[in-house]
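1. Here is the input, now give the coordinates:
(2 chains)
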Amino acid sequence: MADAFIELVDVEKVFEVRRKTGFLRRERRSVRAVDSLSFTVARGEMVGYIGPNGAGKSTTIKMLTGILTPSGGRLRVAGIDPSRERTRLAHRMGVVLGQRTTLWWDLPLIDSYRLMHRMYRIPDARYRENLDRLVELLGLADLLDVPVRQLSLGQRMRGDIAAALLHDPEVLYLDEPTIGLDVMSKARVREFLRQLNAERATTVLLTTHDLQDIEQLCSRVMVIDRGRLVYDGALAGLHEVGESERTLVVDLERELPPIEAPAPARVVRVEGPRQWLAFPASESAAGLVARIAAEYPLVDLSVREPDIEAVIARMLDTPADTPDSPPDPAGHTVR
Amino acid sequence: MAARPGLVAGVPGRGGGGFRRYATYRVATAAGVFTNTVFGLILVYTYLALWEARPGLGGYDQAQAVTYVWLAQALFAMLAVQGGGFEVELMERVRTGEIAVDLYRPVDPQLWWLANDMGRAVFQLLGRGVVPFLFGALFFPTALPGEPAVWAAFGVSLLLALLVSFAIRYLFALSVFWLLDGQGVGQALMVTGVFCSGMTLPLNAFPGALGDVVRVLPWAAQLQVPADVLMGETAVSGAFAFQAAWAVALLALGRLVQSAATRRVVVQGG
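-> Prediction:
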């Protein structure tokens, strides 16, 4: 691909793990964190990169930013081999890590930006212009003189995003940028990212557990599992691959035995007068609705779109999380 | 505390950051000034008694011994003799993995931390050093030179002392890349720093073979050498050469260890 901005060909990363197996006896074991991973991202694309914990997402980001050396394969970002020329690449990329901050904890926000200004050798006029724009778009005006340790999580995250963009990076890596944020803060961050991508054509690679991030931002999704790319394409296509199902929720006039629906639709749950029916996402709901309306005393109905987390889980052939399952170990609330 | 000395080279602006960050904690600074003054008082009376019994110990007279005490208290925080400078943060960042964030930045880590530590040192010299020193000079007989040239030489010697101090702490801190926890390293740094720098007793007064050894170790370049330069107890050129040699050797070693540490992270992962 001629305009591939990020290019991976058969990239792999193998970690040596030593384990104690007895007194002074250690066993060496290789763990393949990323296995023959190949993909390209064009300049200006906004791509979601998702997968379960430990799938290799962070390892991939670390290799793309040059702080991990691949064990094999070929990796280029903007024509640069990241691990060989990390510092040169650093001037052209921005990194936002949801769980860590690049800001100085005990300094006011504006001081961190001044340090970035010097560190990235941003021309003065450029710096001022970018700072003004970011402060306005991210609503940071009142926060500039506040020490970072006093900022709320959402404020800090906006501050971090601004810090990552002061030097006009061509590519932005976002690792869980909305983790722990409230609904308003999430909306604000997403709106900003959409604008950034549209107006500046910044290439964005986004890893997240929040599938709304992906739904609202990314036209393309890559799914990684156990170090391998298992899906790469449009979000809509993910539903087909995952053979996902939509849910029709019907409220009847009274409690009735499960509706006898035409296959492949079937009743999956009954609770008093309310019944849940699953049917393939690729099929229209119209026929099913008409049939039920004709044969049963229908009061109300609604159609629920499939949960992508469940889709991915089905695709990966692992049990899906149900809405009332406890939060997963990483602390993300499963939608 | 809005003053920002823009004098630190290396990573431009980073030194100012270091200065400002330490300037944030004013109560801690006041407590430090008080501690250094009290310790100075205790040591001064101990030294006066010691030099009373052993006049000319280590080549110092009583006034020189008193000067040494107050100089040590004034430089204690600036030179981070017992640790407590940038290395605390560096070790913590390695332990928690925050160090990965630093690797995203387009700067050389050693210069980065040096600039940071210089900002801290300038603040601590002004914020914590000046008051105990003036206190000592006011209330005790001291042996301070009158000629500006000696003070200028002392300034250069102090800068070299800071470089050596930084280089020692950088090496100690980098060991955490392998040890993964900084507590023991911090304690080792404290014990060696306090003892080998001559915080308890001037290295000149150490007896026999022990004295011969500690006087050529890099820690001697931190406090003993600048003190001797100020009090005219040593040839300036020799003192500079000694300090510069250690600074260059240890900084170079720091670079080697740094690339090994980075490689370790880059190959093995966080």
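2. Residue B:107 touches residue A:119, doesn't it?
-> Yes - if you go by C-beta atoms under 8 Å, residue B:107 and residue A:119 touch, sitting 5.8 Å apart. All C-beta spots, glycine's among them, are computed from the backbone N, C-alpha and C.
3. higher neighbour count, those two?
-> Between residue B:107 and residue A:119, counted using other C-beta atoms under 10 Å in any protein chain shown, the more crowded position is residue A:119 (21 against 18).
4. Quick check: phi and psi at that one.
-> phi -60, psi -40 (degrees, to the nearest 10).
5. separation between it and chain B?
-> Distance of residue A:119 to chain B, computed by C-beta to the nearest C-beta, to the nearest Å: 6 Å.
6. Relative to residue A:100, how far out is that residue?
-> Plainly put, residue A:119 is 17 Å away from residue A:100 if you go by C-beta to C-beta, to the nearest Å.
7. what does residue A:249 give?
-> 41 Å.
8. Same question for residue B:66.
-> Separation of residue B:66 from residue A:100 (C-beta to C-beta): 49 Å.
9. got a pLDDT number for residue B:242?
-> Residue B:242 carries a pLDDT value of 97.
10. and what of residue A:302?
-> For residue A:302, the pLDDT comes out at 86.
11. how distant is the helix or strand where residue A:314 lies from the center of its chain?
-> Assigned by DSSP states H and E, residue A:314 falls within helix A:308-315. Between the centre of helix A:308-315 and the centre of its chain there are 14 Å (C-alpha atoms, centre = their mean, to the nearest Å).
12. Ok, stretch A:107-115 next?
-> Stretch A:107-115 sits 28 Å away from the centroid of its parent chain (C-alpha atoms, centre = their mean).
13. Give the next helix or strand downstream of the helix or strand of chain B with the lowest mean pLDDT.
-> Ranking every helix and strand in chain B by mean pLDDT, DSSP states H and E puts helix B:14-23 at the bottom, with a mean of 72. The first helix or strand that comes after helix B:14-23 along the chain, using DSSP H and E, is helix B:26-53.
14. does chain A sit close to that following helix?
-> No - applying C-beta under 8 Å from any C-beta of the partner chain, one finds helix B:26-53 out of contact with chain A, separated by at least 11.5 Å.
15. Determine the angle, from 0 to 180 degrees, between that helix and helix B:14-23.
-> Here helix B:26-53 runs at an angle of 90 degrees relative to helix B:14-23 (axes from the mean of the first three to the mean of the last three C-alpha atoms, to 10 degrees).
16. and the residue in chain A that chain B sits nearest to, backbone torsions?
-> Residue of chain A nearest chain B, by C-beta to the nearest C-beta: residue A:118 (3.3 Å). Phi and psi for residue A:118, reported as degrees, to the nearest 10, are phi -70, psi -40.
17. try residue A:94
-> Here is the backbone geometry of residue A:94 (degrees, to the nearest 10): phi -120, psi 140.
18. got a list of what it touches?
-> Neighbouring residues of residue A:94 by C-beta atoms under 8 Å, 6 or more residues apart in numbering or on different chains: A:164, A:165, A:167, A:169, A:171, A:172, A:173.
19. All set now, cheers.
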